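>>> how would this look folded up:
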Amino acid sequence: MDIVVTGRQCTISPELKELVTERLATIERLRDRVIRVEVEFQASEGTKNPSDAITVQLTLRSRGPVIRAEANAEDKTAAFEMALDRLKTQLRRAADRRKTHRGLRAAAVAELQPRQPEIALSEEDHNGVPTTNVAGLVVTGDGPLVVREKVFETAPLTLAQALDEMELVGHDFFLYQDAESGRPSVVYRRKAYNYGVIQLDVS
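Residues are numbered from 1 along each chain as shown. Here you go, the predicted structure:
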């Protein structure tokens, strides 16, 4: 298992790299066939909240789906430990779900690659007010503003695969195309280990 540690707007000491390597060694007991773990530390300058000073993102790459966890804290070590705890929780939840729903279990899908959305250059309307086309929405002046947009290339998934993806990324919902019906679908977490599914009948 390769471990890559990087820092954005901050430096990473040899002692911190050693700590990260030692703590990540326990991941292999929770997830087989881990190929690479990427650890990114990022410092936020001028933040008003001290607890947001350092952001750590862990990205686990294996033959299955990509798994990510993120945390913020005042210092690098605390942020890393929080992100690691979240990653372990996601892995345990996914493993528990597979044990509970063995009948739904299916092979993992290939890694999803995000594609950058196309955003048109700014123009001006007939009143001279600048406009921008963001994801098909014409934004006039300073708002409304689409803060973040992601487009993923993927293949249709079964319900079991979508549940695995949701647990591994640590989200409360997951958007996918159902492999059986072809419908756009969302699976979401309810209480305990219960899940809900919403499907759209596009006509």
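
>>> send me the host helix or strand of residue 60 as PDB with only the CA atoms.
In this assignment (DSSP states H and E), residue 60 forms part of strand 54-62. Once non-C-alpha atoms are left out, strand 54-62 reads as follows in PDB (Å, rounded to 0.1, in the frame of the first residue of the first chain):
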ATOM      1  CA  ILE A  54      -6.500  22.900   8.700                       C
ATOM      2  CA  THR A  55      -8.400  20.600   6.300                       C
ATOM      3  CA  VAL A  56      -7.300  17.000   5.800                       C
ATOM      4  CA  GLN A  57      -8.700  14.900   3.000                       C
ATOM      5  CA  LEU A  58      -8.000  11.100   2.900                       C
ATOM      6  CA  THR A  59      -8.500   9.300  -0.400                       C
ATOM      7  CA  LEU A  60      -8.400   5.500  -0.500                       C
ATOM      8  CA  ARG A  61      -7.900   3.900  -3.800                       C
ATOM      9  CA  SER A  62      -8.400   0.200  -4.400                       C
END
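
>>> what mean pLDDT does the one helix or strand residue 92 maps to get?
Assigned by DSSP H and E, residue 92 falls within helix 76-100. For helix 76-100, mean pLDDT is 82.

>>> repeat for stretch 41-61
Throughout stretch 41-61, pLDDT has a mean value of 83.

>>> what residues sit buried inside that stretch?
The neighbour-count check on stretch 41-61 (16 or more other C-beta atoms under 10 Å) flags 41-42, 53-61 as buried. Where C-beta positions appear, they are placed from N, C-alpha and C, glycine not excepted.

>>> same check on stretch 185-194?
Across stretch 185-194, burial judged by 16+ other C-beta under 10 Å covers 185, 187, 189.

>>> from these, pick the one nearest residue 68.
residue 189 (17.0 Å; C-beta to C-beta).

>>> tell me who's in contact with residue 17.
When contacts are counted by C-beta atoms under 8 Å, 6 or more residues apart in numbering, residue 17 touches residue 5.
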